[in-house]
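Chemist: Turn this into a structure:
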Amino acid sequence: YNTDIVSIENREQRIAEIKKENPFEASYYKFKQFLADKHLRLAKEELNKKGIELSGDFLSGNSHDEVWMRPKAFIQNAGMYWGFPALDLDSKEGQDFLKEKARLYAKRYDNIRIDAAWTYVNQPLKYNGSSVVNQRKYYGDKILKIIEAEIQAVKGENYKPENIMYEFIANSEDFNAYDSNRNLNPILEKRIQIYCSNI
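Modeler: Presented below is the predicted three-dimensional model:
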């Protein structure tokens, strides 16, 4: 693919071309992914036997490969202001993608750090062609609750809220950990956080 705007038709055509022209490469890539997943699972099992928990970083950023894989899950004409594609958190496709991602991390890791968690609370958007962030979409903790519910569904009775850590390090324009009276933001009260504030 060679475009920022991805259509399902373009994607399906390219997948068909790859399967036809490079079937070995496609199969080999899948095999490498299988091996990586298997060895991570085996490593986690060995660590758990020794009483050690494996922690993983739930990345807030998404790649252009993920946009190509699930174009309807992303806002096509905007990104997060540090260059990552912006997940469409209002769409069913965007929320389904996020749920799938949460389930994957829940299966792979004992503890999860939600990278730049504030972006799920107050999503920063930069529209293509603009040099400034010109929109922030406020969700409160709606999106965090979606992530938590998926993790809990995978972990079942092994779910412990304290096994999720949220990074809320942001400047005050993006997210405030405290109000002007130094009271903790209610979104953070029952969550394990890494946070700061420059107010």
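
Chemist: Now the lengthiest helix in the chain: buried residues?
Modeler: The single longest helix within the chain, with elements called by DSSP state H, is helix 23-49. Across helix 23-49, burial judged by 16 or more other Cβ atoms under 10 Å covers K44. Where C-beta positions appear, they are placed from N, C-alpha and C, glycine not excepted.

Chemist: any idea how far it is from the chain center?
Modeler: Taking Cα atoms, centre = their mean, to the nearest Å, the mean C-alpha location of helix 23-49 is offset from the chain mean by 21 Å.

Chemist: and if you look at stretch 91-99?
Modeler: 11 Å.

Chemist: thinking again about what came up before, and the helix or strand that the longest helix of the chain is followed by, what does it pack against?
Modeler: As assigned by DSSP states H and E, the chain's next helix or strand after helix 23-49 is strand 55-58. On a contact count with 3 or more Cβ pairs under 8 Å, 6 or more residues apart in numbering; DSSP states H and E, strand 55-58 meets helix 92-108, strand 111-114.

Chemist: same thing but 10 Å
Modeler: In terms of contacts (3 or more Cβ pairs under 10 Å, 6 or more residues apart in numbering; DSSP states H and E), strand 55-58 is packed against helix 92-108, strand 111-114, strand 164-168.

Chemist: just to revisit the earlier point, what is the orientation angle of the longest helix of the chain with helix 92-108?
Modeler: Between helix 23-49 and helix 92-108, the angle comes out at 50 degrees (axes from the mean of the first three to the mean of the last three Cα atoms, to 10 degrees).
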